[in-house]
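A.B. asks: predicted model follows, preceded by the sequence.
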Amino acid sequence: MKLSAKTIQILKNFSMINPSIMFNEGNILSTISPIKTVMARATVDETFEKDFGIFDLNRFLGVLSLFSEPELILFENYVKITDGNKSVNFTFADPITMITPPKKDIKLGEEYIRFTLTSENLQNLMKASSILQLPEIALVGENGRFSLKAIDSKNSSNNTFELDMDETSKNFKIIFSCNNFKMMNKTYDVTISKGVGQFVSDDGLQYFITSESHSSYSS
């Protein structure tokens with residue numbers, strides 16, 4: 001079995017959410033952050049024939065980079081990575097040592113708002129939050145307008161960055177930690193329910209991100 005470039009990119013992104021990953025039989029990859037505030041799921045081209053765990057995903061990806069066209073052969077306790085006259089035996093992790101996402105689908109509560117987050121807007125938000133050193137992303141509805149902001153909710157005198165989005169009849173301030181915004185730079189269909197946001201790309205990549213407890217919602 002060989003891993004496609006797309007799958008490698010997904011694994012690199014997932015390593016930012018959790019340094020370990022459990023590969024489950026089938027063609028679905030999923031991960032969850034150690035404090036369970038971010039979960040991600042992707043359908044990939046490859047079909048894995050058995051369950052196996054990788055404790056240090058970054059090291060595993062680094063090993064793959066040693067090969068031009070690595071072939072993966074799964075054994076009971078390890079995967080053999082080979083290409084030409086080179087090979088590495090990479091030992092599987094004990095699943096009991098890993099934090100893994102639930103296998104059941106997450107069911108969102110009642111939809112509160114829904115919008116499209118373009119890759120350009122996502123990139124602008126994250127770049128602004130980094131430059132201005134703002135720790136949070138806020139979805140804000142006030143005075144009939146919906147906007148996305150990079151903010152510091154604990155310091156109202158700090159700088160803010162704002163993207164005007166659309167009209168809204170609701171008043172809300174739904175806050176996410178920038179540390180949880182670890183999505184790949186794509187366009188997402190975003191559905192927000194109270195307490196969690198679901199971000200889904202056109203190619204089926206999904207992220208579930210918990211909103212901060214000091215978020216506010218009104219009808």
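C.D. replies: Perfect, thanks for sending it.
A.B. asks: how far away is the most far-flung residue of the chain relative to its centre from Leu74?
C.D. replies: Residue farthest from the centre of the chain, counting by C-alpha atoms, centre = their mean, is Asn85 at 36.1 Å. Using C-beta to C-beta, to the nearest Å, Asn85 is found at 21 Å from Leu74. For every residue, glycine as well, the C-beta is placed using N, CA and C.
A.B. asks: next: Phe55.
C.D. replies: Relative to Leu74, and taking C-beta to C-beta, Phe55 is found at 16 Å.
A.B. asks: just Pro34 next, same as before
C.D. replies: 26 Å.
A.B. asks: looking at these two, which one has more neighbours?
C.D. replies: Leu74 (16 against 12; other C-beta atoms under 10 Å).
A.B. asks: skipping adjacent residues, who's closest to the more buried one in space?
C.D. replies: Lys50 (5.9 Å; C-beta to C-beta, 6 or more residues apart in numbering).
A.B. asks: what is the burial count for that neighbour?
C.D. replies: 11.
A.B. asks: which strand in the chain has the most residues?
C.D. replies: Under DSSP state E, the strand in the chain containing the largest number of residues is strand 38-48.
A.B. asks: heading C-terminal from it, find the next helix or strand.
C.D. replies: Per DSSP states H and E, the first helix or strand lying C-terminal to strand 38-48 is strand 52-54.
A.B. asks: and that following strand, average pLDDT?
C.D. replies: Mean pLDDT, strand 52-54: 96.
A.B. asks: rewinding a little: which parts of the longest strand of the chain are buried?
C.D. replies: Neighbour counts using 16 or more other C-beta atoms under 10 Å place 38-42, 44, 46, 48 of strand 38-48 among the buried residues.
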